[in-house]
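Trainee: Sequence plus the predicted model coming up.
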Amino acid sequence: MSEFREDEKDLEREDSELSQQESSKEEIEKTNLRLRLKELESRIKLLEAERASLLIEREHYLRDLEYMKRELEQIKSAPLVEATIIEILDDGRAVVHSSNGPNLVVYVSQALDIRKLKPGMRVALNQRGSAIAEILPKSQDVYVKAMEVIERPNVRFKDIGGLKKQIEMLKEIVVLPLTNPDVFKKIGIEPPKGALLSGPPGTGKTLLAKAVAGESNATFISTVGSELVQKFIGEGARIVRELFELAKEKSPSIIFIDEIDAIGAKRVDVGTSGEREVQRTFMQLISEMDGFDPLGDVKILAATNRIDILDPALLRPGRFDRIIQIGYPNQEERLEILRIHTRGVSLDDTVDLEKIARELEGATGADIKNLVVEAGLAAIRRGATRVSDQDFQYAKTIVLTRLGRTQNKNAGIFI
């Protein structure tokens, strides 16, 4: 009996061991399954991320494909023909003048609003059906676009020595009509259309125009009279017309024409074809000036040092209403100009600006500026850090020699 019981115990012990082994195997298998499941889940997430990345890349490729298709279609499509509308007919068609030469009666594309079409507008014609396909922007000459001053000059009226009377006249002509036109309406007078600055070279005509541009908030359009003269017939007149159109679009604006004597000289009966083209440009200029509204937001400034050769038609009232004469500065004005140009200069105690201004009779503002520069160069040449009276005396010799009033044979100066 005892042996039988021991056998039973052994069997129970073996069964227990077997059950423990089986349970441990199950735990191991469960653990392996969980690890495998986590591995598969991470793999699925990785594949989903790759799929999302591939979808985004696919979208990029599809957009590139569409862009290439559009580009290919544009390359294959026939070019459009530029034309100008002459008249809009009652039946919805339009008479246009094509760039090819003849006038055409064409239909208008249904995609366009025919009410926006006006005579004189630039449009594009489809070559296949000669229909108006689109409205083109207004064209402007590249020379005219370059005339607009984007960055305003940093010159102000306070930077100009003397010329107080001329500055006040410019303020009345340019600033007041643009800022407060009601004053003229209340009084019942028309403000001047523009002013002509006349005087010898170097007296500050262009500097005054730069100060007007710096002081005002108006668009400043600057050109030189010689730029309006072109080689081909009618080109100069067209540039003048587009110049004034640009001024109207950018209003309030100021047109400044420097060296206006290049196109405004007195007309002669006999001349070359080039002179006749200059006269055509001049006629367009005075025609545009006559067409301006006096209370409009466009003012005209011009400068010349040869007012004696200007055509009388340009000087009459109604065109340049105010002629501002700019002469040589007197002693007080020369001193003021000298102080302006020496504001940032390190001067020695020996420098007497009043004495220097008194000795510069007949010098212009440009000569005085040149005097300060030459004096500074003389100080640099001798290794000094301040400009002395000796440097100004040397510079004065150069300026007076240039003016033709003295001769310095020993200085080795060639003018």
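Mentor: Structure's in. What do you need?
Trainee: mind listing the strands in the stretch 251-400 of the chain by residue range?
Mentor: Taking DSSP state E, counting those that start in this stretch as the criterion, the stretch 251-400 of the chain contains strands spanning 253-258, 298-304, 322-325.
Trainee: next one: the stretch 101-250 of the chain
Mentor: 103-106, 122-125, 132-135, 148-149, 194-198, 219-224.
Trainee: Can you lay out those strands as CSV showing mean pLDDT, mean neighbour count and distance to E29?
Mentor: To be clear about C-beta, it is placed using only N, CA and C from the backbone, and glycine gets the same treatment. Formatted as CSV, these follow (pLDDT from 0 to 100; neighbours: other CB atoms under 10 Å; distance: least, CB to CB, whole Å):
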stretch, mean pLDDT, mean neighbour count, distance to E29
strand 103-106, 84, 16, 85
strand 122-125, 85, 20, 78
strand 132-135, 82, 18, 75
strand 148-149, 60, 16, 85
strand 194-198, 87, 25, 102
strand 219-224, 83, 20, 86
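Trainee: circling back to that earlier point, which of the strands of the stretch 251-400 of the chain sits most buried?
Mentor: A comparison of the strands of the stretch 251-400 of the chain by mean neighbour count, using mean count of other CB atoms under 10 Å, puts strand 298-304 on top with a mean of 25.
Trainee: Just give the strands next to it in its sheet, each with its orientation.
Mentor: strand 194-198 (parallel), strand 253-258 (parallel) (DSSP bridges).
Trainee: Can you spell out the domain ranges of this structure, please?
Mentor: Domains of the chain are assigned by automatic domain parsing as 23-76, 81-135, 143-325, 331-403.
Trainee: okay, those in TSV with distance to S16 next?
Mentor: Shown next, in TSV, are those (distance: least, CB to CB, whole Å):
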stretch	distance to S16
domain 23-76	11
domain 81-135	91
domain 143-325	98
domain 331-403	107
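Trainee: which residues does the closest residue in space to L178 that isn't next to it in sequence contact?
Mentor: Nearest residue to L178 in three dimensions, chain neighbours excluded: P252, at 4.9 Å (CB to CB, 6 or more residues apart in numbering). P252 is in contact with L178, S216, N217, A218, T219, D297, V298, counting by CB atoms under 8 Å, 6 or more residues apart in numbering.
Trainee: could you say what helices and strands the lengthiest helix in the chain packs with?
Mentor: Longest helix of the chain, by residue count under DSSP state H: helix 2-76. Using 3 or more CB pairs under 8 Å, 6 or more residues apart in numbering; DSSP states H and E, no helix or strand is in contact with helix 2-76.
Trainee: residues in contact with the helix or strand following that helix?
Mentor: Past helix 2-76, further along toward the C-terminus, the next helix or strand under DSSP states H and E is strand 81-88. Contacts to strand 81-88, defined as CB under 8 Å, 6+ apart, come from residues 94-100, 103-104, 106, 114, 117-127, 130, 132, 136.
Trainee: The closest residue to N154 other than its chain neighbours: neighbour count?
Mentor: In this structure, N154 finds its nearest non-sequential neighbour in G214, 6.3 Å apart by CB to CB, 6+ apart. By the other CB atoms under 10 Å criterion, the neighbourhood of G214 contains 15 residues.
Trainee: hey, C-alpha coordinates of stretch 238-258 in PDB?
Mentor: Coordinates of the C-alpha atoms in stretch 238-258 are reproduced here as PDB (Å, rounded to 0.1, in the frame of the first residue of the first chain):
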ATOM      1  CA  ARG A 238       4.600 110.300 -78.600                       C
ATOM      2  CA  ILE A 239       7.000 110.300 -75.600                       C
ATOM      3  CA  VAL A 240       5.800 113.800 -74.600                       C
ATOM      4  CA  ARG A 241       2.200 112.600 -74.800                       C
ATOM      5  CA  GLU A 242       2.900 109.500 -72.700                       C
ATOM      6  CA  LEU A 243       5.000 111.600 -70.200                       C
ATOM      7  CA  PHE A 244       1.900 113.800 -69.500                       C
ATOM      8  CA  GLU A 245      -0.400 110.800 -69.300                       C
ATOM      9  CA  LEU A 246       2.000 109.300 -66.700                       C
ATOM     10  CA  ALA A 247       1.800 112.500 -64.700                       C
ATOM     11  CA  LYS A 248      -2.000 112.400 -64.800                       C
ATOM     12  CA  GLU A 249      -2.000 108.800 -63.600                       C
ATOM     13  CA  LYS A 250       0.500 109.400 -60.800                       C
ATOM     14  CA  SER A 251      -1.200 112.700 -59.700                       C
ATOM     15  CA  PRO A 252      -0.500 114.700 -57.700                       C
ATOM     16  CA  SER A 253       2.700 115.000 -59.600                       C
ATOM     17  CA  ILE A 254       5.400 117.400 -60.800                       C
ATOM     18  CA  ILE A 255       7.100 117.300 -64.200                       C
ATOM     19  CA  PHE A 256      10.600 118.800 -64.300                       C
ATOM     20  CA  ILE A 257      12.200 119.300 -67.700                       C
ATOM     21  CA  ASP A 258      15.900 120.300 -67.400                       C
END
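Trainee: picking that back up, want to throw the strands of the stretch 251-400 of the chain into JSON lines with distance to A375?
Mentor: Shown next, in JSON lines, are the strands of the stretch 251-400 of the chain (distance: least, CB to CB, whole Å):
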{"stretch": "strand 253-258", "distance to A375": "29"}
{"stretch": "strand 298-304", "distance to A375": "29"}
{"stretch": "strand 322-325", "distance to A375": "30"}
